[in-house]
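>>> Sequence and predicted structure are below.
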Amino acid sequence: MSAHEFRALYERLREQAAQPTVDGRTGALRHLTPERVTAAAGEVRTGRTVSLAAAIDTVRGPDDPEPAVHRMTGPSPGEITSKGLHFATDRFAMNVHGDADSHLDALCHVVFNGQLYGGVPASAVTAEGASRLSVDLVGNGLVGRGVLLDIPRLRGVPWLDPGDHVTLDDLRAAEAAQGVRVGAGDLLFVRVGHRLRRTELGPWNSAEARVGLHPTVAEFLAERKVTALGSDGNNDTAPSSVPDVAFPVHVLAIHAMGIHLMDYLRFEDLVPACVRARRWSFLCVVAPLRLAGATGSPVNPIAVL
């Protein structure tokens, strides 16, 4: 995609999404109405719950040079052998926006041409945190109808190779093959097989080579009024298909349309559950941490079938 084509797409999607806040719901959150949340509860048939997150990695690797740190702070050696009451305690720290751990991107995450989503000045993000569009917007969670589109399953392969793109035609063909249709307010999950490839072949520098969505997929998101988008990869392909824009899907989804993104999820438990249930939609509960002013959060989406 040329720089001119990308800019035209960006401006068109931004104009379409330029609507006022509705009942406190900003950006694509306005599509997730109470009525649609209530309808999503009807997706529950068996009561089975499935996590869509990967285990947090604490081992350094080519795609995770600064892994999460988990340290035990108690009990002390003396407390372990002494009588009385003691507690096991620990401390956890992580880089939220890495290339290994499952996380959610807030609307303040993407700075493009000096602005955040909705024309908010980038100066709203300071060393103390974001004063606007932070993860606080979804502090009450994202609860709605989840839909999984499995692109490797559609193509008959275990995973898509780094550098490949999920296209608009792929999404529509997956809908037809799986007997499901993405609708307004949905939480759309697109499997590319990144997690399975990482498990089978080992981690690699995914900052330089990864599979993702083609930027034109953003038109699908706008057309269907999707509230959130998640993938088992980064959602963006590397190398980028757009000159001088390394993460075009992030720019289009977050910055132009106000869609929350979830990166590096894991669908290897969800796929067989959907196959057994013979359906690819479910109630989905996404509960980010309540981190005031944060640009994102570790996340553990739960599908309820």
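Cool, got the structure.

>>> Residues contacting stretch 61-80, please?
Stretch 61-80 is contacted from outside by 56-60, 86-95, 98-101, 198, 203-207, using Cβ atoms under 8 Å, 6 or more residues apart in numbering. For glycine as for every other residue, the C-beta is placed from the backbone atoms N, C-alpha and C.

>>> Sketch out the strands for the stretch 201-305 of the chain, chain order is fine.
212-213, 228-231, 260-263, 281-286, 296-298, 302-304 (DSSP state E, counting those that start in this stretch).

>>> go on, the stretch 1-150 of the chain?
Using DSSP E, counting those that start in this stretch, the strands found in the stretch 1-150 of the chain span residues 49-51, 69-74, 89-93, 103-105, 125-126, 129-130, 142-150.

>>> Can you tell me which of the ones you listed is most buried?
Highest mean neighbour count among the strands of the stretch 1-150 of the chain (mean count of other Cβ atoms under 10 Å): strand 103-105, with a mean of 27.

>>> and that one, how far from the chain's centre?
The chain centre lies 5 Å from the centre of strand 103-105; the measure is Cα atoms, centre = their mean, to the nearest Å.

>>> List the strands paired with it, with their directions.
The strands beside strand 103-105 in its sheet (DSSP bridges) come out as strand 260-263 (antiparallel), strand 296-298 (antiparallel).

>>> thinking again about what came up before, select, out of the strands of the stretch 201-305 of the chain, the one closest to residue 106.
Among the strands of the stretch 201-305 of the chain, the nearest to residue 106 by Cβ to Cβ is strand 296-298 (5.2 Å).

>>> Can you tell me what sits against the closest one?
With Cβ under 8 Å, 6+ apart as the test, strand 296-298 has contacts from 56, 94, 96-97, 101-106, 109, 135, 288-289, 291.

>>> can you pull the contacts of the residue most central in space within the chain?
Nearest to the mean C-alpha position of the chain, by Cα atoms, centre = their mean, lies residue 262 at 0.9 Å. Residue 262 makes contact with 102-105, 189, 228-231, 286, 299, 301 under the criterion Cβ under 8 Å, 6+ apart.

>>> Now tabulate the strands paired with strand 103-105 in TSV and tack on distance to residue 272 and mean pLDDT.
Shown next, in TSV, are the strands paired with strand 103-105 (distance: least, Cβ to Cβ, whole Å; pLDDT from 0 to 100):
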stretch	distance to residue 272	mean pLDDT
strand 260-263	21	98
strand 296-298	25	97
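
>>> could you dump these to a markdown table with distance to residue 271?
Converted to a markdown table, the strands paired with strand 103-105 look like this (distance: least, Cβ to Cβ, whole Å):
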| stretch | distance to residue 271 |
| --- | --- |
| strand 260-263 | 17 |
| strand 296-298 | 22 |
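
>>> so which of these gets nearest residue 248?
Comparison of the strands paired with strand 103-105 against residue 248 by Cβ to Cβ identifies strand 260-263 as nearest, at 12.5 Å.

>>> where does the chain have low pLDDT?
Along the chain, segments meeting pLDDT under 70 span 20-25.

>>> thinking again about what came up before, of the strands of the stretch 1-150 of the chain, which is nearest residue 167?
Comparing those under Cβ to Cβ, the one sitting nearest is strand 142-150, at 11.9 Å.

>>> quick one: the closest one to strand 281-286, angle?
130 degrees (axes from the mean of the first three to the mean of the last three Cα atoms, to 10 degrees).

>>> Name the nearest residue to residue 139, sequence neighbours excluded.
Once flanking residues are discounted, residue 139 sits nearest to residue 290: 5.1 Å by Cβ to Cβ, 6 or more residues apart in numbering.

>>> The one you found contacts residue 134, correct?
No: judged on Cβ atoms under 8 Å, residue 290 makes no contact with residue 134 at a distance of 10.4 Å.
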